[in-house]
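Asks: Predicted model follows, preceded by the sequence.
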Amino acid sequence: MSDEAGADLTDAAARLAGIADALGESDWRDELRRGGAVPAPVDAPPTWGQVALTGLDVVEGLAATGRWDDARHQAAFLADFFTRMRRRLHGVAGVAFEGLAHAARARDREDLDVHADLIRELFGGDTEQVSGSDR
């Protein structure tokens, strides 16, 4: 793994830990902390796009470095979050993240890329802030 790829993954994990903390997702934040992430401060409520794409950066970074078990675990947190939020979003969001989690579990880079592309299409321009939690 290049130093740049490691720095990108470290940065993405810190941003995701900060986002999870801002959303009150303490289990998710704590899991990222156990992996060495120091939560980055979040100035405003995160957007759906920030949650989705930052999480995707972490999953893809972990997979690219051969850390498939960690990638699967982070994809599962994303799938759980977006499935719980299905009342606020179209149900396909949760399905896309479930597919990402299944691809990570199968260690299938091609399938992971297909689901990542769908997630980018769904959330690439999303600037709506996440409000509250469905816990």
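Replies: Noted; the coordinates are in hand.
Asks: Pass me the low-pLDDT residue ranges in the protein, would you?
Replies: For the chain, the stretches with pLDDT under 70 are 1-6, 132-135.
Asks: Could I get the contacting residues of the spatially most central residue of it?
Replies: With distances taken as CA atoms, centre = their mean, residue 55 lies nearest the centre of the chain, 1.8 Å away. Residues near residue 55 by CB atoms under 8 Å, 6 or more residues apart in numbering: 16, 74, 75, 77, 78. Glycine gets a C-beta too; all of them are placed from N, C-alpha and C.
Asks: cool, and residue 33?
Replies: Applying CB under 8 Å, 6+ apart, the residues near residue 33 are 17, 39.
Asks: That one sits in which helix or strand?
Replies: Taking DSSP states H and E as the definition, residue 33 sits inside helix 26-34.
Asks: Return the set of buried residues in that helix.
Replies: Of the residues in helix 26-34, those buried by neighbour count under the rule 16 or more other CB atoms under 10 Å are 28, 29, 31, 32, 33.
Asks: Now whichever strand or helix holds the residue nearest to the centre of the chain - C-alpha only, PDB.
Replies: Assigned by DSSP H and E, residue 55 falls within helix 48-64. The C-alpha coordinates for helix 48-64 follow below in PDB (Å, rounded to 0.1, in the frame of the first residue of the first chain):
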ATOM      1  CA  TRP A  48     -26.800  12.000   3.200                       C
ATOM      2  CA  GLY A  49     -24.100  12.300   0.500                       C
ATOM      3  CA  GLN A  50     -21.400  12.800   3.000                       C
ATOM      4  CA  VAL A  51     -22.400   9.700   5.000                       C
ATOM      5  CA  ALA A  52     -22.700   7.600   1.900                       C
ATOM      6  CA  LEU A  53     -19.600   8.700   0.100                       C
ATOM      7  CA  THR A  54     -17.300   8.900   3.100                       C
ATOM      8  CA  GLY A  55     -18.400   5.500   4.200                       C
ATOM      9  CA  LEU A  56     -17.800   4.200   0.600                       C
ATOM     10  CA  ASP A  57     -14.300   5.700   0.700                       C
ATOM     11  CA  VAL A  58     -13.600   3.700   3.800                       C
ATOM     12  CA  VAL A  59     -15.000   0.500   2.500                       C
ATOM     13  CA  GLU A  60     -13.200   0.800  -0.800                       C
ATOM     14  CA  GLY A  61      -9.900   1.800   0.900                       C
ATOM     15  CA  LEU A  62     -10.100  -1.200   3.200                       C
ATOM     16  CA  ALA A  63     -10.800  -3.600   0.300                       C
ATOM     17  CA  ALA A  64      -8.000  -2.100  -1.800                       C
END
